[in-house]
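>>> here is my input, please return the structure:
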Amino acid sequence: MTKLSVNINKIATLRNSRGGNVPNLLKVAQDIERFGAQGITIHPRPDERHIRYQDARDLKNTVTTEFNIEGNPVKSFMDLVLEIKPTQVTLVPDKDNAITSTAGWDTIKHNSFLKEVIQEFQQNGIRTSIFIDTNTSFIEAAAKIGTDRIELYTEYFASEFEKGNKEAIKSYTEAAILAHKLGLGINAGHDLSLKNIEFFKQNIPNLDEVSIGHALIAESLYLGLENVVNMYIHRLQ
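Coordinates of the predicted model:
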């Protein structure tokens, strides 16, 4: 079964908008695990506008499932991850002022840099994943770099699926087949939702994990967090 890792950035955004500790990020993470999710994801950014670096430290002692930390491997991020030693680190080429992730890595252009970063994380027992588009050359380069997994950037699929274009899944299916052949684990994330997750899962062989935040939290406003977590888990079986 494909694992569900819930990104709780939006919970931190809501908390920060008012100050104080409501909603309680740690309690929400515990509840999400209790509802059946197999992982918790956070994506701290340098300006700490949602997840704070201290949140990452506090969650280390709270999360009992897989703990995934996403981010651009600048020095402060690397130091944080090496301190916490989560289950997985996902490398994302974010700009400092990015509202959300907008592209995967060019693993050819950044080959040497990524290889060095990945080796340091792996030497500390942290599984590594690279956020990446479906470009086959980039996937081949990712395998040569030595990453454990790739995370397919699914914004294009999600936007095309919303328009009724189910053919957009083809490049993701082909990318997953290639990645598996090269010995890479396969994660996916960005704009996946209850509307498209079942179709995506059915067409992506060997899908290890999906990371879902914005849509899941938004859907929970109407349907309830426990219900939504279980709806995703059911669709991922």
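
>>> from here on, contacts and neighbour counts on C-alpha atoms
Noted.

>>> ranges for the helices of this structure?
9-18, 25-34, 53-60, 75-84, 111-123, 136-145, 155-162, 170-181, 197-203, 214-223, 225-235 (DSSP state H).

>>> any idea of the angle the longest one forms with helix 136-145?
Spelled out, it's helix 111-123. Going by axes from the mean of the first three to the mean of the last three C-alpha atoms, to 10 degrees, helix 111-123 is angled at 50 degrees with respect to helix 136-145.

>>> what residues sit buried inside helix 111-123?
Asn111, Leu114, Lys115, Val117, Ile118, Gln119, Phe121, Gln122 (16 or more other C-alpha atoms under 10 Å).

>>> between the residues you listed, which is closest to Arg18?
Set against Arg18, the nearest of these by C-alpha to C-alpha is Phe121 (35.3 Å).

>>> shaky segments in this protein?
95-102 (pLDDT under 70).

>>> residue nearest the centroid of it?
Ser211 (4.1 Å; C-alpha atoms, centre = their mean).

>>> that one against Thr41, yeah?
Yes: between Ser211 and Thr41 there is a contact at 6.9 Å, judged by C-alpha atoms under 8 Å.

>>> which neighbours do those two share?
Listed as contacting both Ser211 and Thr41 by C-alpha atoms under 8 Å, 6 or more residues apart in numbering are Ser5, Val6, Asn7.

>>> closest one to Val92 out of those, please.
Distances from Val92 to those, taken by C-alpha to C-alpha, are shortest for Asn7, at 14.3 Å.

>>> could you give the bridge partners of the closest one?
Thr41 (DSSP bridges).

>>> so who does it touch?
Neighbours of Asn7 in contact, by C-alpha under 8 Å, 6+ apart: Ile40, Thr41, Ile42, His43, Ser211, Ile212, Gly213, His214.

>>> could I get these in TSV, plus columns for distance to Pro23?
Formatted as TSV, these follow (distance: C-alpha to C-alpha, whole Å):
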residue	distance to Pro23
Ile40	16
Thr41	17
Ile42	16
His43	18
Ser211	21
Ile212	19
Gly213	16
His214	16
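
>>> redo the helices of the chain as TSV? Include distance to Met1.
Formatted as TSV, the helices of the chain follow (distance: least, C-alpha to C-alpha, whole Å):
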stretch	distance to Met1
helix 9-18	25
helix 25-34	16
helix 53-60	25
helix 75-84	27
helix 111-123	25
helix 136-145	23
helix 155-162	21
helix 170-181	16
helix 197-203	10
helix 214-223	19
helix 225-235	9
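
>>> still on that earlier bit, and the residue nearest to the centre of the chain, how far from Glu120?
24 Å (C-alpha to C-alpha, to the nearest Å).

>>> these two touch, right, His190 and Tyr153?
Yes: counting by C-alpha under 8 Å, His190 does reach Tyr153; the two are 6.1 Å apart.

>>> so between those two, which is more surrounded?
Tyr153 (25 against 22; other C-alpha atoms under 10 Å).

>>> my read: the more buried one touches Ile130, true?
No: using C-alpha under 8 Å, Tyr153 is not in contact with Ile130, being 9.8 Å away.
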